[in-house]
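Novice: here is the input, now give the coordinates:
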Amino acid sequence: MAGHSKFKNIMHRKGAQDAKRSKLFSKLAREITTAAKGGNSDPAFNPRLRAVIAAAKAASMPKDNIDRALKKAEGGDAENYEEIRYEGFGPGGVAIIVEALTDNRNRTATDVRTAFAKNGGNIGSSGSVAHGFDRLGLISYPAKAGDADKVFEAALEAGADDVESSEDGHEIWTAPDALHEVVKALEETLGDSDGAKLAWRPKERVDVTTDTVQQLMKMIDTLEDLDDVQNVYGNYELSDDVLASL
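Specialist: Numbering: from 1, shown residues only. Now for the predicted structure:
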């Protein structure tokens, strides 16, 4: 366990949850349908589905919406979404990974490429930045779950590898194959999480300057706003001074 990280949360930066509710629910519904269609529609036997339903509940997605997404998969009339990963660089040399679920590869590729190009970035080839990230399990808890010491101890007992705590909440990192076992163990001490999933964690972070932060945030916001984009990850670090400039 590496201990308490001084790094701010790079995945759920302040303001990222201000996205339109309907768009967020639409993306969650798409992921629920895809997870159910690709495995068992019963969350008890489908870890991926369990994780996305937990994320949907944490986002206050109505139960009716969740049930509709599940029934869509069970009915066999759901669209066939393809999972695609895009990699590239943003302003200041920040490495970016974009995960998408799409029923039209050409449309999504064009939209993602345009979002990079119009905001000072450039798309790269597959593998061009992924080597700078680790694929790990990520469990998110709100700040109210407890202070950094309490969450750290609970994570250590549950078998997690690392914890990053900030005023915005706690990120608990695990080995990919240990994710769901750690989730179960944490529920006993911290209660339900805000969500659990496989995510990309940068091996090293890049400090973003006040000169480039506005353009970088605009690029990330543009990517996150695309209907087909599910997640955007970056290896950027925002200092207090840079955050104050936003």
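
Novice: show me what contacts Ile45?
Specialist: Ile isn't right for residue 45; it's Phe. Gly39 (CB atoms under 8 Å, 6 or more residues apart in numbering). For every residue, glycine as well, the C-beta is placed using N, CA and C.

Novice: measure it to Ile123 for me?
Specialist: 37 Å (CB to CB, to the nearest Å).

Novice: which parts of the chain are helices?
Specialist: Assigned by DSSP state H, the helices in the chain fall at 21-38, 47-58, 63-74, 105-117, 148-158, 179-190, 213-225, 240-244.

Novice: please identify the most buried of these.
Specialist: Comparing these on average neighbours per residue, with mean count of other CB atoms under 10 Å, the densest one is helix 47-58 at a mean of 21.

Novice: now do that one: which elements does it pack against?
Specialist: Other helices and strands packing on helix 47-58, by 3 or more CB pairs under 8 Å, 6 or more residues apart in numbering; DSSP states H and E, are helix 21-38, helix 63-74, helix 179-190, strand 195-202.

Novice: tell me where the model's unsure across the protein.
Specialist: For the chain, the stretches with pLDDT under 70 are 1-20, 76-78, 242.

Novice: got the domain boundaries for it?
Specialist: Per automatic domain parsing, the domain ranges recorded for the chain read 17-74, 82-131+206-244, 135-202.

Novice: and the first one, how far from the chain's centre?
Specialist: In terms of CA atoms, centre = their mean, to the nearest Å, the centre of domain 17-74 is set 14 Å apart from its chain centre.

Novice: next: the second one.
Specialist: The chain centroid and the centroid of domain 82-131+206-244 are separated by 13 Å under CA atoms, centre = their mean.

Novice: now do the end-to-end distance for it.
Specialist: 39 Å (CA to CA, to the nearest Å).

Novice: start at 246 instead
Specialist: That works, and once the first residue is 246, the last one we named lands at domain 327-376+451-489.

Novice: cheers, nothing more for now.
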